[in-house]
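Chemist: Sequence plus predicted model, see below.
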Amino acid sequence: MMIDQPTAAYTLGEMEQKAACCVPSPILQVRDLAVYYGNNAVLADVSLDIHKGCITALIGPSGCGKTSFLSTLNRLTDYHPGVQVRGQILFDGHNLRQESVDTLALRRRIGMIFQRPNPFPLSIRRNLDLPLKEHGVRDPHLRKRKIKQALKDVGLWDEVCDRLDSSALSLSGGQQQRLCIARALVLEPEILLMDEPCSALDPISSRVVEELIMRLRGRYTLVIVTHNLAQARRVANYVGFFWMRERVGKLIEFGQCRQLFEAPTDALTAAYVSGAQG
Amino acid sequence: MIDRVFSTVVFAAAALVVAALVWVLTDVVSEGAARISWAFLVTEPRDAGRAGGIAPVLVSTLWVLVIALAAALPLGLGVAIWLSEFAPKQRGFAAYTGITLDVLAGIPSIVYGLFGNAFFSVYMGLGYSLLAGGLTLACMILPVFIRTCESGLRQVSDDWRQGAWALGMTRAAAVCHVLLPAARPAILAGLVLGIGRATAETAALLFTSGYVDRMPESPLDSGRVLAVHIFDLSMNVTGGDGAAYGSALVLIVLIVLLNGLAQSLVDNWFKRRISQ
């Protein structure tokens, strides 16, 4: 897999800017969330607010339930056999865990990016066209415009505009991940969940994607799981620290990025962010 | 030293297999080529097949094949999709379905023939007909076709499933637009196996589509397929060897052509789905 050219970083196009979050206004309110696989709890007692337009980073060692937490937010856990979720998640004031919630529409509003880039084995254009069609965007001209805008938003347009019909798998790893972000953005979501979006990428591609993440702040609400503490520190407004206690993942501390890294209230957090633990 | 002996032994095995194939092909081509002509393909057999051509036999073969594929393809894809995407993993009904398919795949074709005769010809009243033969063949190729497609679908990366679901696509849309195109090679392999088995089948058709060598007028007519024609000429008709060789050559060429056709059809269909 070839790596992104360094110049790729400078092809990120114009993006409409909204004020970065200054006034915290929660878009997602998680209360007493617990996740069970069969009878074993993997995550318990998680309560936190995700604020509109901000980047919230979730840090902590592997296996402490961060990814499970993320998949409860768009109800992807519905498709995982044997998984049970308890607690409340308020999205704009409505509990998104209710049976009656239209999960397909919910996932249009809350997009998700995975650790390994997963563009479909289809053409670049079709990767973006398919979700639009599935969500009932019938006008081909409108789809075309939206596709172009999404590709521009992730800085991929100049790199791929002359080969939209070639396979998405022919792109480099970093380009694939940006295509996946474009695929989520084309549906105009409000929230983007990102599960270690840079960890499978080489350093240069990783930097390009990270820069993109920062540019999405304000316009979208982002929740990022990352193992890279330096990255969390660079991009996040809020940080949640997860840790295993008695073999169950817990949210140990949650707060503003600066406070959590520079003046953590919990000794465990202090040890983890200073590199002494984990 | 051991490596040299070993490599010689495995090479010999490969050479033996290729030699057998070449021998059969050379025999069929050298004996059969003389019989092949346009007239052989478009005229009716005369004198129990010793003279004349194979036109009605070709037509019957194609009828049976089309009926078998038309029945087996949608049904088989459906079962494969259910097994790989919707059924609870290896439990309950799904597990029994899997075991049933594996057993069915190993049943000799003559048994399928007897079943087809009892069920389609007698019980359903289709008699000796191309329809009964085609449906019997469909039963026969289904297990292998389903298993091949199912394993192809299972091998599709879970990342794509998750990706499709996370975009708010229905499970049905994920299967149709992402997983099936991704499983294309396996589906094609299943199709080729099915075509090969269906075109070359003799035993299952003796009791179901019959061996009348008239031109069939509808799928409800009885008809003789190529493989049955070859069997009859070489076993029951003295002096029919030449025509049998000719028919065998036609059969081999037909299978090669059909596989090529299947490949290009599947490729084209998916190419449209992949880039629209």
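Modeler: On my side now, so go ahead. What you see is a predicted model, and the numbers here were worked out from it, not measured in a lab. Numbering: from 1, shown residues only, chains lettered A, B, ... in the order given.
Chemist: what secondary structure does residue B:10 sit in?
Modeler: helix (DSSP: H, G, I helix; E, B strand; the rest coil).
Chemist: how many neighbours does it have?
Modeler: As a burial measure, residue B:10 scores 10 neighbours (other CB atoms under 10 Å in any protein chain shown). Backbone N, C-alpha and C define where each C-beta goes, glycine included.
Chemist: tell me which residues in the lengthiest helix in chain B are buried?
Modeler: For chain B, the helix with the greatest residue count under DSSP state H is helix B:241-275. In terms of neighbour count (16 or more other CB atoms under 10 Å in any protein chain shown), helix B:241-275 has its buried residues at B:243-252, B:254-255, B:258-259, B:262, B:266, B:270, B:273-275.
Chemist: Check the gap between the closest residue to residue A:148 other than its chain neighbours and chain B for me.
Modeler: With sequence-adjacent residues excluded and distances taken as CB to CB, 6 or more residues apart in numbering or on different chains, residue A:148 is closest to residue A:157, at 6.5 Å. Using CB to the nearest CB, to the nearest Å, we find residue A:157 at a distance of 18 Å from chain B.
Chemist: cool, residue A:196 as well?
Modeler: 13 Å.
Chemist: Pretty sure that residue sits against residue A:115.
Modeler: Yes - with contact defined as CB atoms under 8 Å, residue A:196 counts as touching residue A:115 (4.3 Å).
Chemist: Which one's more surrounded, the two?
Modeler: Neighbour count, other CB under 10 Å: between residue A:196 and residue A:115, residue A:196 has more, with 22 against 18.
Chemist: coming back round to it: I figured the residue nearest to residue A:148 hits residue A:163, correct?
Modeler: No - with contacts counted by CB under 8 Å, residue A:157 stays clear of residue A:163, the gap being 11.6 Å.
Chemist: Which one's more surrounded, those two?
Modeler: A count of neighbours by other CB under 10 Å puts residue A:157 above the other of residue A:157 and residue A:163, at 19 against 13.
Chemist: Kindly give the local confidence score, pLDDT, for the more buried one.
Modeler: Per-residue pLDDT puts residue A:157 at 89.
Chemist: ditto for residue A:63
Modeler: The model's pLDDT for residue A:63 equals 83.
Chemist: Can you tell me the strand partners of the helix or strand bottoming out on mean pLDDT in chain B and which way each runs?
Modeler: None of the helices or strands of chain B scores lower by mean pLDDT, DSSP states H and E than strand B:51-52, at a mean of 82. When pairing is defined by DSSP bridges, strand B:51-52 lines up against strand B:45-46 (antiparallel).
Chemist: Mind giving me the packing neighbours of the longest helix of chain B?
Modeler: helix A:124-134, helix B:2-32, helix B:38-42, helix B:55-81, helix B:180-182, helix B:184-199, helix B:226-235 (3 or more CB pairs under 8 Å, 6 or more residues apart in numbering or on different chains; DSSP states H and E).
Chemist: mind running it again at 7 Å?
Modeler: Under the contact definition 3 or more CB pairs under 7 Å, 6 or more residues apart in numbering or on different chains; DSSP states H and E, helix B:241-275 sits against helix B:2-32, helix B:180-182, helix B:184-199, helix B:226-235.
Chemist: Give me the below-cutoff pLDDT ranges for chain B.
Modeler: B:90, B:273-276 (pLDDT under 70).
Chemist: Kindly report the residues of it close to chain A.
Modeler: B:159-160, B:162-163, B:165-170, B:173, B:177-178, B:181-182, B:274-276 (CB under 7 Å from any CB of the partner chain).
Chemist: Isn't the residue nearest to residue A:148 up against residue A:149?
Modeler: No - between residue A:157 and residue A:149 there is no contact under CB atoms under 7 Å: 8.8 Å.
Chemist: Tell me which stretches of the stretch 151-278 of chain A form helices.
Modeler: Under the criterion DSSP state H, counting those that start in this stretch, the stretch 151-278 of chain A contains helices at A:157-160, A:173-185, A:203-216, A:229-235, A:257-262, A:267-273.
Chemist: wait, which of these is closest to residue B:103?
Modeler: Closest to residue B:103 of the helices of the stretch 151-278 of chain A, according to CB to CB: helix A:173-185, at 43.0 Å.
Chemist: Quick one: work out the angle between that closest one and helix A:124-134.
Modeler: Interaxial angle of helix A:173-185 relative to helix A:124-134 (axes from the mean of the first three to the mean of the last three CA atoms, to 10 degrees): 20 degrees.
Chemist: Give the full set of residues in contact with residue 114.
Modeler: If you meant another chain, say so; for now it's chain A. By CB atoms under 7 Å, 6 or more residues apart in numbering or on different chains, the contact list for residue A:114 reads A:195, B:159, B:162, B:163.
Chemist: that's the wrong chain, I meant chain B
Modeler: Going by CB under 7 Å, 6+ apart, residue B:114 touches residue B:207.
Chemist: how near is it to chain A?
Modeler: Look at residue B:114 and chain A: by CB to the nearest CB, they are 41 Å apart.
Chemist: One more: residue B:26?
Modeler: With CB to the nearest CB as the criterion, residue B:26 and chain A are 42 Å apart.
Chemist: That residue: neighbour count?
Modeler: Neighbour tally, residue B:26, other CB under 10 Å: 10.
Chemist: Same check on the one 3 residues further on?
Modeler: Using other CB under 10 Å as the criterion, residue B:29 is surrounded by 16 other residues.
Chemist: Let me see the contact set for the nearest residue to it once chain neighbours are set aside.
Modeler: Closest residue to residue B:29 apart from its sequence neighbours, by CB to CB, 6+ apart: residue B:249 at 6.2 Å. Going by CB under 7 Å, 6+ apart, residue B:249 touches B:28, B:29, B:32, B:33, B:36.
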